[in-house]
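**Q** A structural model of the following input is requested.
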Amino acid sequence: MRRRRRSSFRKEKAIMLVSSCLVLTALTATGLYVRNKSQDKEDGYVVDFTALEESNKQKAGEAQADGSTGDGQYADTGELDYDPSFQEANSGNVDNPGMNMLGSTAGQASLENGQAGEGLADAGLTSKEEDLAAADPAEEEALEANAADVIAKTDDSTDTAKRDEDAMNTTPALDFTDNDTLVWPIVGNVLVNYSMDKTVYFATLQQYKYNPAIIIAATQGEGITAAADGQVTSVYEDPEIGMAVVVNLGDGYELTYGQLTDLTVAEGDVITTGEIIGKVAEPTKYYSVEGCNVYFKLTKDGQPVNPLNRLS
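**A** Got it, this is the predicted structure:
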């Protein structure tokens, strides 16, 4: 068995070696064949520069013998084909009497035209100056008068606007001394008296509290007048006293009117004693039991003062 295996292995080995040799031989032969084909092709494309050079030399010799260049043109013999008597028209050395005459004539005509234009311009300026000089002096005076009127009106309007602005920005001289009195803003009974030293009863609220003003009974829609001269400094809405107007009396005194409607004054207005400032409004919910009224408060430097002591 071992001998048979060895013999078969040897046979296989020999077959492989023979096959490898055959393959190598075939590849070598193929490579040689391809190489020979490539060399033949390259030889077909080789240019013989030596032959070309000899051919060019031969053609040049023939051309010299014939007196012409290789491209069919005559060789340069060194002589100029030039006529000294010929000069180009654009050359600076041209001596053409006809052309010179035309040029001088055109230049003279241009000069004459320029002088004529200047003469016309001078004539136009002279004409304008004469027209201005001949203008009617009365017309000039009228124009000057109109210009002066326009300037004067402009100055007047500017001064008026400035005076109005100064008047709006100027606070009037207010004076309310400790001896001055107030007038009643409306005729009516005092529903709730001034009281800052003890509490008073408010029927709507059903409680006692301090009262820095007096509550004057009134009729809805009745007119409310200014109790003293002053300037309106504030207009505002308050939940308790409704629409309110604050008036500066001067010297630290201020009046506050409440429960108003249909105001006839605004902030910055200067009012006089007895002037209507508004009407009695419907009472707020804080005074529904008391009914329609006017809230009237006097302060000095922000501190409440009993207005009954100043009402005449």
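**Q** Let me see the confidence value for Thr272.
**A** Note on Thr272: pLDDT of 95.
**Q** Could you give the number of residues near it?
**A** Residues contacting Thr272 under the criterion other Cβ atoms under 10 Å number 10. (C-beta placed from N, C-alpha, C; glycine too.)
**Q** what's the closest non-adjacent residue to it?
**A** Asp229 (5.3 Å; Cβ to Cβ, 6 or more residues apart in numbering).
**Q** Okay, buried residues for the helix or strand hosting Leu255 please.
**A** Following DSSP states H and E, one finds Leu255 within strand 253-261. Within strand 253-261, the residues scored as buried using 16 or more other Cβ atoms under 10 Å are 253-260.
**Q** So Gly291, which state does it fall into?
**A** coil (DSSP: H, G, I helix; E, B strand; the rest coil).
**Q** which non-adjacent residue is nearest Lys198?
**A** Tyr210 is the one closest to Lys198 (Cβ to Cβ, 6+ apart), at 7.9 Å.
**Q** and what of Glu275?
**A** Ala226 (4.8 Å).
**Q** Contacts only, for that neighbour.
**A** 185, 247, 271-275, 277 (Cβ atoms under 8 Å, 6 or more residues apart in numbering).
**Q** gap between it and Lys209?
**A** 28 Å (Cβ to Cβ, to the nearest Å).
**Q** do the same with Ser20
**A** 129 Å.
**Q** so where's the protein uncertain?
**A** 1-6, 39-53, 56, 60-138, 155-157, 159-161, 163-171 (pLDDT under 70).
**Q** Helices of that one, residue ranges please.
**A** Assigned by DSSP state H, the helices in the chain fall at 2-44, 49-66, 97-133, 137-169.
**Q** quick one on the thing from earlier: test my guess that the residue nearest to Thr272 contacts Gly274.
**A** No. Counting by Cβ atoms under 8 Å, Asp229 does not reach Gly274; the two are 9.7 Å apart.
**Q** quick one, which of the two is more surrounded?
**A** Asp229 (19 against 12).
**Q** Could you pull up the residues touching the more buried one?
**A** Asp229 neighbours (Cβ under 8 Å, 6+ apart): 174, 176, 249, 270-273.
**Q** Need those residues in CSV (columns: distance to Lys198).
**A** Shown next, in CSV, are those (distance: Cβ to Cβ, whole Å):
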residue, distance to Lys198
Leu174, 33
Phe176, 28
Leu249, 27
Val270, 38
Ile271, 34
Thr272, 36
Thr273, 32
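**Q** and which of those residues is nearest Gln220?
**A** Nearest to Gln220 among these is Ile271, at 22.4 Å by Cβ to Cβ.
**Q** from what I can see Val192 touches Glu290, true?
**A** Yes. Counting by Cβ under 8 Å, Val192 does reach Glu290; the two are 6.9 Å apart.
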